[in-house]
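Peer 1: The sequence and its predicted three-dimensional model are supplied below.
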There are 2 protein chains.
Amino acid sequence: MALPVASPVRAGIVVTGTEVLTGRVTDRNGPWLAEALRGLGVDVGRIVVVGDRPEDLASALRFQLADHDLVLTTGGLGPTADDLTTAVVAEVQGRALRLDPDLEARIAAIVAGLHAQRGWAPPGAAAAAGIRKQAMVPDDAAVLEPVGTAPGLVVPGPGAPVVVLPGPPSELRPMWTDAVAVPAVRAVLARAVELRQSEVRIWGPPEAELAAALRDHEDTHGPLADAGLEVTTCVRDGELEIVTRYAPDAAAAYAGLLDFLHTRFGAQVFSDDGRRLDDVVAELLLARAATIATAESCTAGLLAGRLADRPGSSAYLLGGFVTYANEAKTAEVGVPAELIERLGAVSREVAQGMAAGARARLGTTVGVGITGVAGPGGGTADKPVGLVHVAVDVEGRVHHRELRLGGTRELIRRRTVVAALHLVRQALQ
Amino acid sequence: MALPVASPVRAGIVVTGTEVLTGRVTDRNGPWLAEALRGLGVDVGRIVVVGDRPEDLASALRFQLADHDLVLTTGGLGPTADDLTTAVVAEVQGRALRLDPDLEARIAAIVAGLHAQRGWAPPGAAAAAGIRKQAMVPDDAAVLEPVGTAPGLVVPGPGAPVVVLPGPPSELRPMWTDAVAVPAVRAVLARAVELRQSEVRIWGPPEAELAAALRDHEDTHGPLADAGLEVTTCVRDGELEIVTRYAPDAAAAYAGLLDFLHTRFGAQVFSDDGRRLDDVVAELLLARAATIATAESCTAGLLAGRLADRPGSSAYLLGGFVTYANEAKTAEVGVPAELIERLGAVSREVAQGMAAGARARLGTTVGVGITGVAGPGGGTADKPVGLVHVAVDVEGRVHHRELRLGGTRELIRRRTVVAALHLVRQALQ
C-alpha cells in the first residue's frame, strides 16, 4: 500500500484520436512521454485518451489541468477539419487564435518541398487552407518548429502550460527536445527532483509468494513507503516484475530491499538491473560463444522469431525448424515416426528428439524442442489443451520441462516461448 | 470532418496500473472493451489510465462518472497491497466493504487447486490474507465469479454503476459476458441503440489516394456525415483500413460508399466484410485444399508463427524453416552455397530458391521464401536496410516482390510478414 514517492512536479497527458480510443491504433506516445518525463523527475499522474470530439477533448484538458503542473497533448494537428487540438487548447487556456503569416510561409515551403520530392502536382487551394489552419497560433504561445508539417505549441494558461505535440511518434520525439527548452516548460521542470527507477525480475514463484515476502519485509523494516520506496509489482507471462521508484536519498533503503529479495528468492531472481529475459539469454549465449537452433511445433516459429528480435542475433541464432505436422518432425529434424506413433507428438521424448535434431542438423551448441497442445481443439483427457513439453539440449546435456498452461491459444503459445527462453537461460547458467 | 454518430449511452473506462501508465505493459483491455461496448450500441467517451495511487484512481472515477452512463475499471484486483481498485470504487460509490465468506471459500478452493496443479506447496497464511482481501465486497454489489482468482464486481452508485474487471485479458474477456447479464448493467444497455460498424481493407495505394477518393465521393454525393456515416481511416502496416459507423437507417448510404470504393480500387480491396488478411489467406488455402511451407531469414519464423495463429491451421501449415545463417539456407532448404556467394543472401534468386526448397522438402502446394536486411546494421549502398525479397512458389509458378521498407528493425520485419501474406493471397487468387 505504498504511499507514493511523489515528485513535486506532476504532468498529465491527453492522447487524442478516435483510432486510438477504439483500439485500431496502439498509442505509443503516452508511454514514451511518461518515460521521458520520469527521466526529468516529473511524475505522470494520468493519461486520458479521447476521440476526435471537441467537447471530450475540452473536458479532458480541464480535468488534467486541475491537478497537474504541466499538461501534454498528442495528435490532432493535421490539416483536416477533424484535427482540432489547437483550437480546443486555445479555448480552454483562454487564448485567442491568430494567423502567424511567417509560420504559414514556413509550412507552405515544407509542403511544396514534399510534393516536389514525391513527384506530386504542386499544392493547390485545398492544401493552402490546411496550411493556414496549421499556422493558427494562440496568443502568447511558443511555436515548436514542424518536424513533419505540423508545428507544435506551448500554450500558457492561467494555470499550467499545455504542450501541444503531433501524433506521429517520428515527429513527436524530436519535437520534445524543443518543447523542454521553452522557458514556460523549463520553469516547471526546474522544480522537479530526480526519481530513480529500478527493476527486479523473478521467474518461478507465484505472485502470492512475492506479496508475502514484501509483507514480511515491511513487518521487519517498517513500511516501504516510509523508507521512501514506491514499489509496484506485476506478473507478465509468468514473470514477476518489481519496479521501485525512489529519490536518491532512499538509495540505501532500496539496497536493503534488493538484498532481501536476493536472499528470499535466490536464483529465481534472473535480473536486478533492468535487463529483460531476452537480454539475459543473449548475453549468456554470447559469453559462451554458443550457437542455437530451434524446432517448434505449437509455437511454430515464435521462439526463433523472438530470438531474432535483437540486432546482432546472427551471432548465436543459426536457424530453426517449424515442425508443425508430424511428418515435418521426421523430415526436418529426424524424429523417428515410430516414436511419434508410440508416444504421441506431444511427449517428452519427441521434444527431446526435436531439440537434439535441430542441434544436429545445424551443428549448434544449443537445440530447443517445443511440442504441445495450443488448443482450442486437439486436447484429450491424457493430453489436455495447455500441455507443452519443452526440451533444451546443450551439447548433449538435456533439460526438460512439462508445462500445464491455461488460457487462450495465443496465451499458451506466448507463455510457452517465455518458458522455453527461461529453460535455455537455466541450462546455460 | 464527420459529425459523430452518437449513441445515447456512453461508457467511460478507467485502466489502472503503474505498469500501464509507464508503458511497461501495453493496455489491451481498453480497446477490447471499447469494441465490445460498440457492439452493444454504447459509445466510449474516454479512457483514463492511472497508476496505483488511490487518489488518482478516485479522481479518474469521479471524472468518468460525471458524464457517462456506465464506468468500467480494469486491473488492481490482485492479492497484493498495491491492488486497491475495489476499495477505491467502494469509497467513490459510497459503499461499505464487507467480507463475503462464501466468496472467500470459493477463491481459496481455486487457489488451492492451482497450487496442487502446479506442484507448489499448499497456500499458507500469506495466501489466506490475499484471498481475504479479494473476497471483500461493497454493499449491494454484484459479484462476478473469478475466471482466474480475482472476482469482478458491479458496484451500484448514486449515479452510474461501476463494473470492476480484472487486468489479465484472459480473465477480463470471459468475465465481460457475466457483467453484461447483471441487472444494473442490463438496465443501462437497454437504452442503447444499434450502431453498425463496417470495415473495408485495401492493399496497394498510398493513403493520399484514399483521402482524394473520399473527397471525390463527398463532392458528388454530399458530406458523408450528412448521410449518417462516420468514417475514420487509418494505415496499418501498409494496409488502408476504412471504418464506418452508422445507424441502421443509413445502410443504403453505406452501400453506396462501398460500391464507390470497389469501383475506385478494384482488386486492391481485399476485404469488405470485416475479414482480416489472415482470414482471407486461410480461406484461400482451405478452398484449394492447399498446403504451405515457409523459409524465412530476416523474419526468422514470424510468418510461420502467424500462419499458426488460427485454430485449425494444421489443415494447411505443414512446417517451415528458419534459415537465418547462410549455411542454414543451404543445409535446410538446399539453396546452393555458390548462388548465395555469387548474388548475396538478399537477392531475388535466393528468395526463390528458399521458396522452392521449402516446398520441395515438405511436399506442399505453396512455398514462401523471405530474405532481407532488417537492420539496424548490415546494410550496404547496394542492399540497404529495408531491402527484402519475398518469393511465393505455387506448384512451380513463382511470384516475387522486392520490398523497400523504412523504419525500425521491428517494423521492417512486421511489414515483411504482411507483404508476404499479401503475395500469398495474390498468388492464390
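Peer 2: Received the coordinates, thanks.

Peer 1: Which one of the residues in the stretch 101-250 of chain A is closest to chain B?
Peer 2: When scored by Cβ to the nearest Cβ, the stretch 101-250 of chain A has residue A:212 as its residue closest to chain B, at 3.0 Å. The C-beta positions use only the backbone N, C-alpha and C, and glycine is treated the same way.

Peer 1: Can you report phi and psi for that residue?
Peer 2: Residue A:212 adopts backbone torsions of phi -60, psi -40, taken as degrees, to the nearest 10.

Peer 1: nearest spatial neighbour of it, skipping sequence neighbours?
Peer 2: The shortest distance from residue A:212 to any non-neighbouring residue, by Cβ to Cβ, 6 or more residues apart in numbering or on different chains, is to residue B:126 (3.0 Å).

Peer 1: doesn't residue A:326 make contact with residue A:354?
Peer 2: No - assessed by Cβ atoms under 8 Å, residue A:354 is found out of contact with residue A:326, at 11.4 Å.

Peer 1: So if I had to pick from those two, which one is more boxed in?
Peer 2: Taking neighbours as other Cβ atoms under 10 Å in any protein chain shown, residue A:354 and residue A:326 compare with residue A:354 leading, 31 against 20.

Peer 1: How many residues are close by the residue nearest to that one when sequence neighbours are not counted?
Peer 2: Take residue A:354 and drop its neighbours on the chain: the residue closest to it by Cβ to Cβ, 6+ apart is residue A:369, 3.0 Å away. Residues near residue A:369, counting by other Cβ under 10 Å, number 33.

Peer 1: Secondary structure of residue A:369: a strand, I assume?
Peer 2: Yes - the assignment for residue A:369 (DSSP: H, G, I helix; E, B strand; the rest coil) places it in a strand.

Peer 1: In contact with it, which residues?
Peer 2: Counting by Cβ atoms under 8 Å, 6 or more residues apart in numbering or on different chains, residue A:369 makes contact with A:294-296, A:333, A:350-358, A:389-393.

Peer 1: From residue B:113, how far off is the residue of the stretch 101-250 of chain A closest to chain B?
Peer 2: According to Cβ to Cβ, to the nearest Å, residue A:212 stands 19 Å off from residue B:113.

Peer 1: Compare neighbour counts for the two and give me the winner.
Peer 2: The neighbour count for residue A:212 versus residue B:113, taken as other Cβ under 10 Å, is higher for residue A:212 (22 against 11).

Peer 1: My guess is that one contacts residue B:121. True?
Peer 2: No - contact between residue A:212 and residue B:121 fails when scored by Cβ under 8 Å: they sit 11.9 Å apart.

Peer 1: shaky segments in the stretch 51-200 of chain A?
Peer 2: A:81, A:118 (pLDDT under 70).

Peer 1: Around chain B, which positions in it sit nearby?
Peer 2: Counting by Cβ under 8 Å from any Cβ of the partner chain, the positions of the stretch 51-200 of chain A adjacent to chain B are A:51-53, A:56, A:59-60, A:63, A:67, A:80-82, A:120, A:126.

Peer 1: Out of these, which sit inside helices?
Peer 2: Residues of those located in helices (DSSP state H): A:56, A:59, A:60, A:63, A:126.

Peer 1: burial count for the third one?
Peer 2: Residue neighbour count, defined by other Cβ under 10 Å, stands at 27 for residue A:60.

Peer 1: Would you quantify the distance from it to residue A:246?
Peer 2: Taking Cβ to Cβ, one finds residue A:60 at 31 Å from residue A:246.

Peer 1: show me what contacts the spatially closest residue to residue A:91 that is not a sequence neighbour?
Peer 2: Closest residue to residue A:91 apart from its sequence neighbours, by Cβ to Cβ, 6+ apart: residue A:58 at 6.8 Å. Listed by Cβ under 8 Å, 6+ apart, the contact partners of residue A:58 are A:88, A:91, A:92.

Peer 1: Where neighbours are concerned, which of those residues has the most?
Peer 2: Among the contacts of residue A:58, residue A:88 has the most neighbours (other Cβ under 10 Å), with 23 neighbours.

Peer 1: Assign that one to helix, strand or coil.
Peer 2: From three-state DSSP, the assignment for residue A:88 is helix.

Peer 1: Surely it and residue A:56 touch.
Peer 2: No - with contacts defined as Cβ under 8 Å, residue A:88 does not count as touching residue A:56, sitting 9.4 Å away.

Peer 1: Who does residue A:163 form a beta bridge with?
Peer 2: residue A:72, residue A:154 (DSSP bridges).

Peer 1: Might one say that it is in contact with residue A:72?
Peer 2: Yes - applying Cβ under 8 Å as the test, residue A:163 and residue A:72 come out as touching, 4.6 Å apart.

Peer 1: The residue of the stretch 51-200 of chain A found nearest chain B: neighbour count?
Peer 2: For the stretch 51-200 of chain A and chain B, the shortest gap (Cβ to the nearest Cβ) falls at residue A:82, measuring 4.4 Å. By other Cβ under 10 Å, the residues close to residue A:82 number 17.

Peer 1: State the distance from it to residue B:92.
Peer 2: Using Cβ to Cβ, residue A:82 is found at 33 Å from residue B:92.

Peer 1: before we move on, what about residue A:160?
Peer 2: Here residue A:160 is placed at a distance of 25 Å from residue B:92 (Cβ to Cβ).

Peer 1: repeat for residue A:262
Peer 2: Per Cβ to Cβ, residue A:262 is found 39 Å from residue B:92.

Peer 1: before we move on, what about residue A:92?
Peer 2: As judged by Cβ to Cβ, residue A:92 and residue B:92 stand 25 Å apart.

Peer 1: Could you name the residue of chain A that is farthest from its center?
Peer 2: Ranking residues of chain A by C-alpha distance from their mean position (Cα atoms, centre = their mean) puts residue A:338 at the top, at 44.3 Å.

Peer 1: Need the contact partners of the helix or strand hosting it.
Peer 2: Per DSSP states H and E: residue A:338 is located in helix A:337-343. Helix A:337-343 is contacted from outside by A:326, A:327, A:329, A:330, A:349, A:350, A:353, using Cβ under 8 Å, 6+ apart.

Peer 1: Count the residues that sit near the residue of the stretch 251-400 of chain A found nearest chain B.
Peer 2: Nearest residue of the stretch 251-400 of chain A to chain B: residue A:301, at 2.6 Å (Cβ to the nearest Cβ). Applying other Cβ under 10 Å, we find 30 residues neighbouring residue A:301.

Peer 1: Now it. Its backbone dihedrals?
Peer 2: Dihedral angles (degrees, to the nearest 10) for residue A:301: phi 110, psi -10.

Peer 1: nearest residue to it other than its sequence neighbours?
Peer 2: residue B:301 (2.6 Å).

Peer 1: How is chain A divided into domains?
Peer 2: What automatic domain parsing lists as the domains of chain A is A:10-189, A:196-271, A:277-428.

Peer 1: what about the first one, start to end distance?
Peer 2: Yep, that's domain A:10-189 we're talking about. In terms of Cα to Cα, to the nearest Å, the two terminal residues of domain A:10-189 are separated by 10 Å.
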